[in-house]
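Peer 1: Build me a model from this:
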Amino acid sequence: MKHIEGFLLASCLVLAGCSGARSMPEATSLPTTPPVATQAQAAPIEESQAAVASACYGSSIPSAATYSGGAGPHPILLVSTEGEVYLRNRAGETGLWNSDLPASWLPSEVSAVELVACLGPEAEQPVERCSYIGGPPIIRYQHEIAIRVVAARTGEVVAQDTLRGSYPSDCPSTAPVSQTRIDGTNVYFEQVVDYLEPLVERGEVALRTFEVPGSCVDSVTWSPEGTRVAVTTETGRVLVWAVLTGEVLETLDGHTDRASSVAWSPDGSLLASGSFDMMVILWNATTGEQMRVLAELPGWVESVSWSPDGQLISASTRGTQVFIWEAASGRQVGSLQSVEFGEGAHAWSPDGATIALAEGRTVTLWDYVTGQPVLELQERHGDSVTSIAWSPDGTLLASGSTDAAIILWDAANGTPTWNLWYGHERPVVALAFSPDGTRLPAHGIEPSLSGTWHPARQRTRCRCRIRPAA
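Peer 2: Take a look at the predicted model:
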């Protein structure tokens, strides 16, 4: 008999989520790595590494090159802050380091070094303790390593984060004979390369991971200006982060049960949050002040959304019903009632004329003024639709499902145009087009399933982090 004792469950977001006690499948393989350094390059690389190592301890390297961002590549070297660090790749090769980086990233000499990536310390974090009758307890550990990137010439920190290996497998259902721990994988070399790639190649701010210690994350959303992120937690709190610094700007306390959804007003001044306490609360996003409680609904709030003009707020319950209020007065001005049981996902069209509502295995478009359906998308999902997103121009609609599929639809006639992703076996719980409509970030029920679909390249890149706005 197994008994789960609550250990740390730190949630990673991205568009983010909570793994609970499930095992974590490994992320999709990265694109083919560019050619690595030759043996002839290895000696000067080692000499340059020794010359710039002090940058990891706050020193500047006057002889190094100036890092100014923008298009790269920007020459970079890895430095360990705790002695030898041997990374391995997914193929099982060990001892990977600077000479295994893409050759175009490596400096020819110290005067060419722009960036230094400082790795360490390495650590292991307990994520769950499993106790048994008649056997020793087992602790599941996730491995991680800190990474900090500095500009070599100035010593300025450009980016920092913690990279994590996969979650350990589940505890056995029966008491083990002698096993006392289960470990996930260590951080792979490809993860380091993937983290550094946007910074080295394009001068973009590196990916950032936000954590909510001791609580799972149900939803995450960007502010309209792209400098803040709001998340909901199982404790009922809504947190607002500064993307570039990672600082918690506001902690919104008002819900008495799990906060399930949060949405920014189009101008970024207000937040609306919904919860399993059946309440929708309106907040001042700058001060954290609670403005008003809109209503007590007949069921759990599954999602909240704003009309594009910011005049109306909508909330849906599992079932599905959608309620619509005036933001300024809090007065209810409409509702939609589906005859098909759904998961509660809904989204306003960019022109504000239509609400897309998940109904069973399909999506129906509703005229919110008349309260009548205007178009039902062709039923193509194998299970319930759990997430919906409109393209910025309103011509496309994306739906994600518990069947692990993402389908892109023509919003004018309801026909499917592309089956985007069968890259995992977990439900897709969140979708959001990028502002330019060229990318579709998607999030599965476990952190490692977060990814971005690139229409032009027709592939996904799996990440469990957020790329801050420039």
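
Peer 1: Which segments of the chain make up each domain?
Peer 2: Annotated domains of the chain cover 19-202, 211-462 [automatic domain parsing].

Peer 1: Okay, now the unreliable bits of the stretch 101-250 of the chain?
Peer 2: Flagging of the stretch 101-250 of the chain using pLDDT under 70 yields the residue ranges 205-215, 244-245.

Peer 1: circling back: of the domains of the chain, flag the one that's most buried.
Peer 2: domain 211-462 (a mean of 19; mean count of other CB atoms under 10 Å). Every C-beta, even on glycine, is put in place using the N, C-alpha and C of the backbone.

Peer 1: Pull the distance from it to the chain's centre.
Peer 2: The chain centroid and the centroid of domain 211-462 are separated by 14 Å under CA atoms, centre = their mean, to the nearest Å.

Peer 1: got it, and stretch 127-135?
Peer 2: With CA atoms, centre = their mean as the basis, stretch 127-135 stands 30 Å off its chain's centre.

Peer 1: Quick one: list the elements packing against the host helix or strand of residue 149.
Peer 2: Here residue 149, judged by DSSP states H and E, is contained in strand 135-151. For strand 135-151, the packing partners by 3 or more CB pairs under 8 Å, 6 or more residues apart in numbering; DSSP states H and E come out as strand 115-132, strand 157-164, strand 181-183, helix 189-202.

Peer 1: Now render the ones you listed as TSV, adding distance to residue 257.
Peer 2: Formatted as TSV, the helices and strands packed on strand 135-151 follow (distance: least, CB to CB, whole Å):
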stretch	distance to residue 257
strand 115-132	23
strand 157-164	29
strand 181-183	32
helix 189-202	36
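
Peer 1: From residue 119, how far off is residue 152?
Peer 2: Computed as CB to CB, to the nearest Å, the residue 152 to residue 119 distance reads 15 Å.

Peer 1: just residue 398 next, same as before
Peer 2: 37 Å.

Peer 1: and what of residue 389?
Peer 2: 36 Å.

Peer 1: So for residue 308, what pLDDT did the model give?
Peer 2: pLDDT recorded at residue 308 is 92.

Peer 1: try residue 37
Peer 2: 43.

Peer 1: Make 828 the first number, not 1, from now on.
Peer 2: With 828 as the first residue, the last one maps to residue 864.

Peer 1: contacting residues for residue 964?
Peer 2: Residue 964 makes contact with 956-958, 1007 under the criterion CB atoms under 8 Å, 6 or more residues apart in numbering.

Peer 1: got it, and residue 1144?
Peer 2: 1105, 1124-1129, 1150, 1171.

Peer 1: Adding secondary structure and pLDDT, write these out as CSV.
Peer 2: Conversion of the contacts of residue 1144 to CSV gives the following (DSSP: H, G, I helix; E, B strand; the rest coil; pLDDT from 0 to 100):
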residue, secondary structure, pLDDT
1105, coil, 90
1124, coil, 83
1125, coil, 82
1126, coil, 83
1127, coil, 87
1128, strand, 89
1129, strand, 85
1150, strand, 90
1171, coil, 70
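
Peer 1: got JSON lines for those residues, with distance to residue 1026 too?
Peer 2: Shown next, in JSON lines, are the contacts of residue 1144 (distance: CB to CB, whole Å):
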{"residue": "1105", "distance to residue 1026": "44"}
{"residue": "1124", "distance to residue 1026": "45"}
{"residue": "1125", "distance to residue 1026": "49"}
{"residue": "1126", "distance to residue 1026": "45"}
{"residue": "1127", "distance to residue 1026": "41"}
{"residue": "1128", "distance to residue 1026": "39"}
{"residue": "1129", "distance to residue 1026": "37"}
{"residue": "1150", "distance to residue 1026": "44"}
{"residue": "1171", "distance to residue 1026": "38"}
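
Peer 1: tell me which of those is nearest to residue 1099?
Peer 2: residue 1128 (9.9 Å; CB to CB).

Peer 1: Tell me what that closest one is bridged to.
Peer 2: Taking DSSP bridges as the rule, residue 1128 bridges to residue 1144.
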